[in-house]
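In: let me see the structure of the following:
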Amino acid sequence: ILAFGPKLSNLAPTGLSFCINLICIFALALIGCHNITMFNHSTFVLSYLLLFGYDVSGKAYQMRLISLLIGAVLTASILYFKHRKVEYKRSFMDLFKEIHLSSSRTRWQICLSVGISSAMLIAALLNVPRVYWIGIAAMSVLIPFRKDVEYRTKHRVLGNILGSAIFFISYLILPEEIRPCLGIIGGIGTGFSASYVWQSAFNAFSAITVAVPTFGLAYAVLLRIFTNVFGSIYMWLFNRVFDPFLLFINQIFEKLNLKEANKSKAEVDMDIFLEKFISINGNMEKIFKEDREAYLIKISSDDILQM
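Out: Residues are numbered from 1 along each chain as shown. Now for the predicted structure:
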């Protein structure tokens, strides 16, 4: 998928490119991580978007294929030697057998795939440069837990505005020979940042450093802000419309003719109820009381959404 999907998408017209992105991202979400709360598939989807954004051809593309092959062999070898004695309940084909629209896992994977692909489609139709920036922003904010989506949306927007502003000022102040180091500083800063807002801010350093030679300083900074604001807010709105959790609450309010003003409180109460119910049902009530975040990591993603 990583070897040929991004290349095919770049060669295809806009409509077909959307279909290729949709299929490839869904496949990566499906086979990349069965427990979606761990968010392991994000590494593969991010790789896909970066390969899409940094398209190459000729000798460079051949070297990319060789690199991917070597990486795949090394990763598969380590996985085999470390886990060859582990007995798994599911086979590879079981992942495909469990695809069903009634499954919360499947619905979330579809939401992720359609959300990212449609955001990039809109950007492409509007001729926005750096379409993959929008895809990365959309992917980054959409995680299984709804409250965290709202948190990430706010802080990604804030972080990119902050990071872009700091980069702009630093670029004007620093000597010309030091300016390329801003990208390296961004990478180091991202690694040492404990909060999502500062991770987003330092990520902007690296991205804008690469974009400046093509677009110029001012346009690159504005483009970075626009793509991340658009991608984050678009995915937040997309999730609000298609989130199965919210659809369930809307059905309850409609059937019982409840007051709309109480809906936001009902969402919070339902979150607490589900988490509490599963903690008791899974004999993890002590973990739930001591550290809610640790508890949420321990539970299966399909449990909390399915309940």
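In: point out where the chain drops to low pLDDT.
Out: Residues of the chain meeting the criterion pLDDT under 70: 37, 102, 146, 244-245, 272, 274-307.
In: longest helix anywhere in it?
Out: The helix spanning the most residues in the chain, taking DSSP state H as the definition, is helix 146-173.
In: from Ile36, how far out is the residue nearest to the spatial centre of the chain?
Out: Note on the chain: the residue nearest the mean C-alpha position is Met139, at 2.4 Å, using C-alpha atoms, centre = their mean. As judged by C-beta to C-beta, to the nearest Å, Met139 and Ile36 stand 13 Å apart. C-betas here are computed from N, CA, C, even on glycine.
In: do the same with Glu150
Out: Applying C-beta to C-beta, the value for Glu150 to Ile36 is 18 Å.
In: and Ala124, by the same measure?
Out: Distance, Ala124 to Ile36, using C-beta to C-beta: 27 Å.
In: of those two, give the one with the bigger neighbour count.
Out: Neighbours were counted for Ala124 and for Ile36 using other C-beta atoms under 10 Å; Ile36 has more, 22 against 17.
In: all helices of the stretch 201-307 of the chain, in order?
Out: Using DSSP state H, counting those that start in this stretch, the helices assigned to the stretch 201-307 of the chain run over residues 217-242, 244-256, 263-281, 285-290, 292-298, 301-306.
In: may I see the buried residues of the longest one?
Out: Within helix 217-242, the residues that qualify as buried are 217, 220-221, 223-236, 238-239, counting by 16 or more other C-beta atoms under 10 Å.
In: ok, Phe92 - contacts?
Out: Phe92 makes contact with Ile31, according to C-beta atoms under 8 Å, 6 or more residues apart in numbering.
In: make residue 1 into 393 and carry on from there
Out: With the count now opening at 393, the last piece we talked about shows up as Phe484.
In: which helices and strands does the strand or helix carrying Asn413 pack with?
Out: Following DSSP states H and E, one finds Asn413 within helix 406-424. Counting contacts by 3 or more C-beta pairs under 8 Å, 6 or more residues apart in numbering; DSSP states H and E, helix 406-424 is packed against helix 397-403, helix 433-445, helix 484-489, helix 496-517.
In: how about the last one: buried residues?
Out: Looking back up the chat, that one is helix 496-517. Result for helix 496-517 [16+ other C-beta under 10 Å]: buried residues 496-516.
In: Pro567: neighbour count?
Out: If you count neighbours by other C-beta under 10 Å, Pro567 ends up with 6.
In: helix/strand/coil for it?
Out: Pro567 carries the three-state label coil when classified by DSSP: H, G, I helix; E, B strand; the rest coil.
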